[in-house]
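**Q** give the three-dimensional model of this entry:
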Amino acid sequence: MDNQTDKNVEGSDRIAKPTVTRRDFLRIAGLGVAAVAATACGATSSTSPGAATAASGSAATAAAAGTSAAAGATAAGSAPSAAALITKGQTLKIALIGSEIGANFKKSADTFKAKFPDVTIEFTPLQGADWEAYFSKIMTNIAAGNVPDLTQVATEGTQLFAGKGLAEPLDAYVKRDAAVMKEFFSDVHPSLIEAMMYEGSLYELPSDFNAANMYFNMDMLNKAGLSLPKEDWTKDDFYSMVQKLTNKASGVYGYQWVNRLWGGWLPWIFDNGSNLLTEERAPGGDWMWSGFYKDDPGAKGRGGGWRWPAPRANDPANVEALDFMVQLQKEGLTPTADLGGGSSIQGFFTGGKLAMTPAGGFWAGALHNAGMKPDAFDVQFWPKWKSQRHQLGTGGYVMFSQAKNKDLAWEFMKHSVTKDTMALFFEGNPTTPSRRSMMTADRYAPTGPKNWHVFYDTLDKHPDTAPIPAPPESNPMTTLFTKYTGLAVTGEMTSKAALDAMQKELEALWAKRKK
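**A** Residues are numbered from 1 along each chain as shown. The predicted structure is shown next:
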């Protein structure tokens, strides 16, 4: 594996210098996609945060807290403040997934510029059908020499960038601004922090997350004489509900899912006591858990991030879970396998043709925007099988190791997870905020669902909830996962044969890891 051991030493405040050359970028990106146009390079390069430690009460602390401390206003003889390192004319380059810059991003930029009026923020939206396609475009951009300072990254890409040495560890920045960061961590579940770590270092400040819960079209349930199931409902309860809710002749189905890693049939793998890959926790991370979570029982036993050292695609529990999906297909309880995105699923759901589907908190705002009233849908935990373990995905910004303006990028990262900024950014509930304090009845009253507390309760009531498997090989792994899933669900291969073939290809992929 392309680990950079020197920058991941437990407790180290050292910020690694960029170690990936342009040739390395070309090799990593694969040169399979034409370079996407990006904004011009920013201005002055930043210094290491080790040179920016300021005394308590200095302008560094004030700037990080969102006040209007003047740049350079440090006490005589003290180290320069964070604000002092932000010089006039700097440009912050941020890459975003999508075809355009959303209003919420503009709001976030405007409030940041109120703190730092002499800097420029350039957003570059890059269209991708999913995170994998987006990451490919980012890496092709980098290979062409267009390196943004920051990019949006979900769980699927954290180790992709960190494992290849493309991302900057945040440890030294967090420790420098510990007084400010303490408030953030106190409001965020440790599961979300651990998901953003790699080999002992933190690479993202999670701003949002989504656990795979079960959504219900309540009108369809009411017409079938059913009610929202209890928290401890089971796989058998689910199957019974699917049968009662399906009327194939009328094109009405009890359940459907999207063929993808997050929220596809992977929740059933977790639920069946398994995973696509073997799991272990990396050593390290004590600087985080003892420094910011020492009084949080939820931090007990956590380490330096997740490792997935080997594939286990054809584990018998996984074959059983995929067989269950195939069974639903053969019995006509699910429509033809959806091998694309989730837009068709949402259309079926809002149109009264689909009763249940996996989704996260992001569907609250999406269904509201699609015209569903707050009480027209609801959500519950995933049904219990051998366990009731849930999967999650989280996201935030990654700072690139070759970023031109790292101190400015760090200030923006901190800004993006303040309560005020998140309140603006997550207006209308487009996803689930990482901050526990933002999960309120008032927040979800306009959009629904009534059972909104399930989103954060998934972390609190099911502490074994863990991130989807997302190693540095996440992109090709996901391609193999969806390929063989499709072959099984469409009947071209049995579940066992499909997962055996997936296992063989994953083993070949893992064999390429550097020892």
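**Q** drop to CA atoms for contacts and neighbour counts, all remaining ones
**A** Fine.
**Q** excluding covalently adjacent residues, which one is nearest to residue 436?
**A** The shortest distance from residue 436 to any non-neighbouring residue, by C-alpha to C-alpha, 6 or more residues apart in numbering, is to residue 187 (5.5 Å).
**Q** where's the one you found relative to residue 150, distance?
**A** Using C-alpha to C-alpha, to the nearest Å, residue 187 is found at 24 Å from residue 150.
**Q** ok, the residue nearest to residue 436 to residue 371 distance?
**A** Distance from residue 187 to residue 371, by C-alpha to C-alpha: 32 Å.
**Q** tell me which of the two has more neighbours.
**A** More crowded of residue 187 and residue 371, by other C-alpha atoms under 10 Å: residue 187, with 14 against 11.
**Q** so what does the more buried one have for phi and psi?
**A** phi -110, psi 0 (degrees, to the nearest 10).
**Q** same deal with the one 4 residues further on?
**A** When read as degrees, to the nearest 10, the backbone of residue 191 gives phi -60, psi -40.
**Q** let me know the pLDDT of it.
**A** Residue 191 carries a pLDDT score of 97 in this model.
**Q** one more: residue 140?
**A** 87.
**Q** quick one: which helix or strand includes it?
**A** helix 131-143 (DSSP states H and E).
**Q** which other residues reach whichever helix or strand comes after that helix?
**A** The helix or strand immediately downstream of helix 131-143 is strand 150-154, counting by DSSP H and E. Applying C-alpha atoms under 8 Å, 6 or more residues apart in numbering, the contact partners of strand 150-154 are 92-97, 131, 393-400, 403, 409.
**Q** strands - which of these land there?
**A** If you go by DSSP state E, these have 92-97, 393-399 in strands.
**Q** is it true that residue 89 touches residue 116?
**A** No. Residue 89 is beyond contact range of residue 116, at 10.5 Å (criterion: C-alpha atoms under 8 Å).
**Q** neighbour-wise, which of these two wins?
**A** Comparing residue 89 with residue 116 by other C-alpha under 10 Å, the one with more neighbours is residue 116, at 22 against 13.
**Q** bridging residues for the most centrally placed residue in the chain?
**A** By C-alpha atoms, centre = their mean, the mean C-alpha position of the chain lies nearest to residue 394, the distance being 2.5 Å. Legend: beta-bridge partners of residue 394 under DSSP bridges are residue 209.
**Q** that one: what's it in contact with?
**A** Here residue 394 is in contact with 154, 155, 192, 195, 196, 206, 207, 208, 209, 210, 467 (C-alpha under 8 Å, 6+ apart).
**Q** tell me the confidence at the first one?
**A** Per-residue confidence for residue 154 comes out at a pLDDT of 89.
**Q** what's around it, how many residues?
**A** Residue 154 - counted by other C-alpha under 10 Å - has 22 other residues nearby.
**Q** quickly list what it is bridged to.
**A** residue 395.
**Q** quick check: the gap between it and residue 274.
**A** 22 Å.
**Q** for the fourth one, same thing?
**A** Plainly put, residue 195 is 18 Å away from residue 274 if you go by C-alpha to C-alpha.
**Q** what about these two, which has more around it?
**A** A direct count of neighbours by other C-alpha under 10 Å for residue 195 and residue 274 places residue 195 higher, at 26 against 23.
**Q** now the helices for the stretch 301-450 of the chain?
**A** 316-330, 343-350, 362-369, 406-416, 419-425, 441-444 (DSSP state H, counting those that start in this stretch).
**Q** quick one: end-to-end length of stretch 348-366, please.
**A** 13 Å.
**Q** show residues contacting that stretch.
**A** Here stretch 348-366 has contacts from 209-221, 245, 251-257, 263-264, 345, 367, 370-372, 428-432, 447-449, 455, using C-alpha under 8 Å, 6+ apart.
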